[in-house]
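Visitor: after the sequence you'll find the predicted model.
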Amino acid sequence: MKLVLMGDLHYSRMGDGTEEMCIAREKVFSVLIDAFWEIDADYHISLGDLTHEGYPEEFRDVLNRMDSSRNFIHVLGNHDALSIPKSDILTVTGQQRYQAIDTDEANLIFLDTTKEMNRDDWGGEIDAEQLQWLQFQLEKSNDKPVFVFAHHPVYDTTARSTIDKLSIHPEIGMKELLNKSGGAGFYFCGHNHVNSIVQQGSWHYIQTAACLDAPAFRVVEIKDGQVNIDMISIDDETLMEQIAIVNTKIPGFVPIEQPHGEESDRNLLVEIQEPVTETGKVF
């Protein structure tokens, strides 16, 4: 099984943009989205903040650029949930707020960690009903690997996740809940705009940078008893020039320094048929 993961895209309508900015925006997002679909996979997954302000026209525009004939799953991000109720977002996108897919190779779990229409608090939360559902999914996983996909990181795992509003609230106790699964666990997230891979116990926490900071995608493959995670960068000479025109003009978007992380934050190899080992960081 092969998955392609997109970090925060922040597709913006840029309603007040100049002609130059709008031309650059078209170039940037066309290149990013086309490159995303050029990678063949069983599932293409957005880790949230697919849009910048969550307007219906942003969703419609970016989804019209997606390949509707293939499996695309969008995890809600805080920016996606800024402008309209989540029920309206799901109507526009045709997606589910949270769901699980049981495959032969792994259990895939997709979460909603966002607050609804809250511009003052971009931190993560999970409601009681979803937590109960998640516990059930984890407990039934047995020894099969579990892949969890969410926008917000778990507190005190990946880079910047101890900063206020840059994780699921620590009082929710996500680590304790995740440890209820019996096999190897992989938690994929975005939100913090920097690549980071951390191992804690039997779980690997994999955070992916925003596309406008680091134009690249993660490719995750389960094969021959291994989980292999690679970072695939976009090779386009003019892309960064166009991004420089766009990213400082999107309202509220601040480019982050050193989004790529260390080399060990980009690639990972884990044996899942034996006790969990890895080639990246151990904490």
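Guide: Noted; the coordinates are in hand. No experiment lies behind these values; they were computed from the predicted model shown.
Visitor: now do the SS call for residue 91.
Guide: helix (DSSP: H, G, I helix; E, B strand; the rest coil).
Visitor: that one: how many residues sit nearby?
Guide: The number of residues packed near residue 91 is 13, by other Cβ atoms under 10 Å. Placement of C-beta: from N, CA and C, glycine included.
Visitor: need the per-residue pLDDT for it.
Guide: The pLDDT attached to residue 91 in the predicted structure is 97.
Visitor: for the one 4 residues further on, same thing?
Guide: The per-residue pLDDT reported for residue 95 equals 96.
Visitor: so who does it touch?
Guide: Contacts of residue 95 were listed using Cβ atoms under 8 Å, 6 or more residues apart in numbering, and they are 73-74, 89.
Visitor: check residue 146 too.
Guide: Each residue near residue 146 by Cβ under 8 Å, 6+ apart is listed here: 106-107, 109, 138, 181, 183-186.
Visitor: where does the stretch 1-150 of the chain dip in pLDDT?
Guide: The stretch 1-150 of the chain contains no residues with pLDDT under 70.
Visitor: which stretches of the chain form helices?
Guide: Across the chain, reading from the start of the chain, the helices by DSSP state H fall at 19-38, 56-64, 86-93, 128-139, 174-178, 239-246.
Visitor: and the shortest one, what does it pack against?
Guide: When you say that, I think you mean helix 174-178. Secondary-structure packing of helix 174-178 (3 or more Cβ pairs under 8 Å, 6 or more residues apart in numbering; DSSP states H and E): helix 128-139.
Visitor: before we move on, back to that, now list the buried members of the contacts of residue 146.
Guide: Among the contacts of residue 146, those scoring as buried are 106-107, 109, 138, 181, 184-186 (criterion: 16 or more other Cβ atoms under 10 Å).
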